[in-house]
Structures are given as C-alpha cells and as structure tokens.
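Undergrad: My questions are about this predicted structure, shown below with the sequence.
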Amino acid sequence: MGYLTLDTLKHTVAGLVARPRIKTDETFFQMVRLGVRAVPIIALVQVFVGMTLSFTLAPVLSDYGQLDQLATVISKAVFPQLGPLIASVVLTGFAGAAIAAELGTMVVGEEIAALRTSAIHPIRFLVVPRVIACILMTVALTVLANVAGTAGGGLIAYLVLDIDPWQYYHTAMEALIVKDVATGLIKGGIFGFIIVVVSCYEGLSVTGGAGGVGRATTASVVRSIFLIIAANCVFTALFYFVW
C-alpha cells in the first residue's frame with residue numbers, strides 16, 4: 001500500500017502540472033458518481049447526530065445554568081470532529097466499496113493487464129481521477145455535514161428546549177474560529193485520500209475471481225473506517241499541540 005500511495009501522489013502531481021493533464025471530465029464524472037449519491041444519507045445522518053447531541057448535552061448544561069451555550073458545544077463538536085468523521089465513514093460505504101468492486105472486476109476481467117499492454121499506466125488512468133474526485137467530494141460533504149449537524153441540534157433547541165433559532169445561530173457562529181473550520185476541512189481531505197488509496201489498493205490486489213472481489217470490497221470498507229478513526233485521533237492530537 002505504501003508503494004501505491006507514493007505512486008498515486010507522484011502521478012497526481014504530475015497530472016496537475018505536466019502533460020498529459022488529468023482529464024477533467026473523468027474527474028467530474030467520478031465526483032458525481034462517488035459523492036453525489038451520498039449527499040442525502042450524510043445530511044440525514046448528521047441531522048440525527050446533531051439532534052442526539054442536543055438531547056444529551058441539554059441536561060448537563062442545564063445543571064450548570066449554561067443551556068444558552070448549547071450551540072457553542074455542538075458547533076465545537078461538529079465542525080472539527082463529527083462533521084468530517086461521519087461524512088468520511090458514510091462515504092466509505094458508497095465510494096470505497098464502489099471503487100474496490102470496480103477495480104477488482106477489472107483485474108478479474110484482465111482489463112488492467114490490457115491497459116499495461118497498451119502502455120497506459122493504470123495508476124494515472126484509473127486511480128488519479130478517483131483520488132482527486134474523492135478528496136474534493138469528502139471536503140464538500142464535510143461542509144454539508146457541518147451545516148446539517150448544527151441545524152439538527154438547532155431543531156431540538158427550538159422545538160424542545162425553547163431556544164430562539166437566531167440566538168442559537170448567533171451563538172454557534174460566535175463560538176467558531178478559523179481553526180475549527182480549517183481543522184475539519186483538512187481532516188476531510190485526508191480522510192478522502194485514505195478512502196480512495198485503501199479502496200484502490202484492495203481492488204487492484206484482487207485474486208480468486210468473483211469471490212475475491214467481494215472480499216476486497218469488504219476489506220476496503222473495514223480498513224478505511226479503521227484508518228479514518230485512527231487518523232482522526234492522530235490529527236486531533238497534532239492540531240491540539242501544534243495549532
């Protein structure tokens with residue numbers, strides 16, 4: 001996987017700055033295919049996460065007379081942490097599984113071997129557009145998840161806790177700083193890279209026919225989720241001490 005990661009980075013940079021350039025139409029197609037389908041489920045899941053946070057935090061904050069700070073706590077939890085994490089985990093089920101299955105099927109059908117025979121590098125032709133698409137869509141879906149999670153918390157704050165929506169919004173925006181937003185977006189890009197590299201590795205390593213494709217799909221999802229959670233812990237600690 002280390003070789004694939006380095007090779008992918010090399011061809012991605014080369015495709016952005018040198019000719020032949022990466023095909024933008026293929027990248028856009030992958031963005032729509034891998035990310036757009038995940039929009040409704042990510043938004044819905046994150047709304048439920050925000051609602052759950054409101055129900056969980058409200059009694060604790062009330063005990064300390066700080067219920068008016070509910071929006072502060074929710075926004076601080078969602079933007080740097082839960083937004084990118086939930087978006088990436090859900091996207092793994094859509095994009096990660098699809099990439100592993102597609103590339104695995106191509107390996108079984110000897111299409112990858114045919115590309116090499118035609119002097120077409122599989123990494124540049126197949127992997128790089130998916131890398132760029134997955135990174136961009138993960139960042140975009142992180143923004144969506146942030147908005148949906150904060151809105152879900154605000155919905156319960158208004159309907160159940162009788163907190164004015166404008167006050168909730170104003171408090172949330174006041175609490176957020178550049179670091180909170182930037183941390184979440186950086187994590188989203190890193191998680192997107194993890195998803196696509198793991199999925200491509202599993203897909204291109206398929207052996208054993210159709211059964212191998214199924215195993216690769218499952219492995220790509222499980223390993224991606226594990227690495228995303230581990231990376232989230234590492235980068236949270238890094239941002240805590242460095243930034």
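TA: Okay, I see it.

Undergrad: show me what contacts the most centrally placed residue in the chain?
TA: Nearest residue to the geometric centre of the chain (C-alpha atoms, centre = their mean): residue 88, 2.7 Å. Residue 88 makes contact with 138, 142, 188, 191, 192, 194, 195, 228 under the criterion C-beta atoms under 8 Å, 6 or more residues apart in numbering. C-beta coordinates here come from the backbone N, C-alpha and C atoms, glycine included.

Undergrad: secondary structure element for it?
TA: In this structure, residue 88 sits in helix 83-91 according to DSSP states H and E.

Undergrad: Check the model's average confidence along that helix for me.
TA: In this model, helix 83-91 has a mean pLDDT of 96.

Undergrad: List the buried residues in whatever helix or strand comes next after that helix.
TA: Using DSSP H and E, the helix or strand that follows helix 83-91 in sequence is helix 97-108. Neighbour counts over helix 97-108 (16 or more other C-beta atoms under 10 Å) mark 97, 98, 99, 100, 101, 102, 103, 104, 106, 107, 108 as buried.

Undergrad: Just the CA trace of helix 97-108, in CSV.
TA: C-alpha atoms of helix 97-108 as CSV (Å, rounded to 0.1, in the frame of the first residue of the first chain):
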residue,chain,number,x,y,z
ALA,A,97,-17.0,-0.1,-1.8
ALA,A,98,-17.7,1.1,-5.4
ILE,A,99,-14.0,1.8,-6.2
ALA,A,100,-12.8,-1.6,-4.8
ALA,A,101,-15.5,-3.5,-6.6
GLU,A,102,-15.0,-1.7,-9.9
LEU,A,103,-11.2,-2.1,-10.0
GLY,A,104,-11.4,-5.7,-8.7
THR,A,105,-13.8,-6.6,-11.5
MET,A,106,-11.3,-5.0,-14.0
VAL,A,107,-8.5,-7.1,-12.5
VAL,A,108,-10.5,-10.3,-12.8
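
Undergrad: helices and strands around the longest helix that the chain contains, which ones?
TA: Under DSSP state H, the helix in the chain containing the largest number of residues is helix 209-242. The criterion is 3 or more C-beta pairs under 8 Å, 6 or more residues apart in numbering; DSSP states H and E, and the helices and strands that helix 209-242 contacts are helix 83-91, helix 97-108, helix 178-204.

Undergrad: buried sites along it?
TA: By neighbour count on 16+ other C-beta under 10 Å, the buried set for helix 209-242 is 212-213, 215-217, 219-221, 223-225, 227-228, 231-232, 235, 239.

Undergrad: Taking helix 83-91 as reference, get the angle to it.
TA: Interaxial angle, helix 209-242 versus helix 83-91 (axes from the mean of the first three to the mean of the last three C-alpha atoms, to 10 degrees): 180 degrees.
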